[in-house]
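1. Below is the structure, and that's it, no one-letter string:
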């Protein structure tokens, strides 16, 4: 098939010089276009790219929220497991008073468990709206995961005077009391 230029030359409607000039102009335009290489701006592709980026950002946010929820559930499960595995029996007739949210709560325990709680060897923790007793090292692990679960620890209780008196007595034990002191 012959080009349009060839057909016009055969028909006599164009001459060789104008055909040659048209080819030269076409080549020059093509070279300039290749040199400039300006990308063709297509609004549809730009809009599609922006929509894809927004979708990716939203997906990242949703993934982060889901990851945070999984971590929260994992922490709750770990706390629950620590409490259920390490809880101490609390059968007894001795009344144990402790505070939770500035309200005095009561729990009946045995005499030995009461002594362990007051010495700070056992701590009171909250599990599903019920109070349980766990050893203090376990309470430390629970507090690392969720501080709100640890309700009462006698070793950290500042209002109690049991541990404070012992510390003061030990501190004054270094000093001798003179016998000849007159007032």
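-> Everything's here; your move. The model shown is predicted, which means the values in this text are computed figures rather than measured ones.
2. So for the residue nearest to the spatial centre of the chain, what's the pLDDT?
-> Residue closest to the mean C-alpha point of the chain, counted by CA atoms, centre = their mean, is residue 68 at 5.2 Å. pLDDT, residue 68: 94.
3. What strand or helix carries it?
-> helix 43-86 (DSSP states H and E).
4. Just name whatever secondary elements that helix is in contact with.
-> Packing contacts for helix 43-86, counted by 3 or more CB pairs under 8 Å, 6 or more residues apart in numbering; DSSP states H and E, involve strand 122-127, strand 130-135, helix 136-145. (Each C-beta comes from the backbone N, C-alpha and C, glycine too.)
5. just these: most buried one?
-> strand 122-127 (a mean of 23; mean count of other CB atoms under 10 Å).
6. Now do that strand against helix 136-145: the angle between them, please.
-> Orientation check (axes from the mean of the first three to the mean of the last three CA atoms, to 10 degrees): strand 122-127 against helix 136-145 gives 40 degrees.
7. Give the partner strands of strand 122-127 in its sheet and their orientations.
-> Using DSSP bridges, the strands paired with strand 122-127 are strand 130-135 (antiparallel), strand 150-153 (antiparallel).
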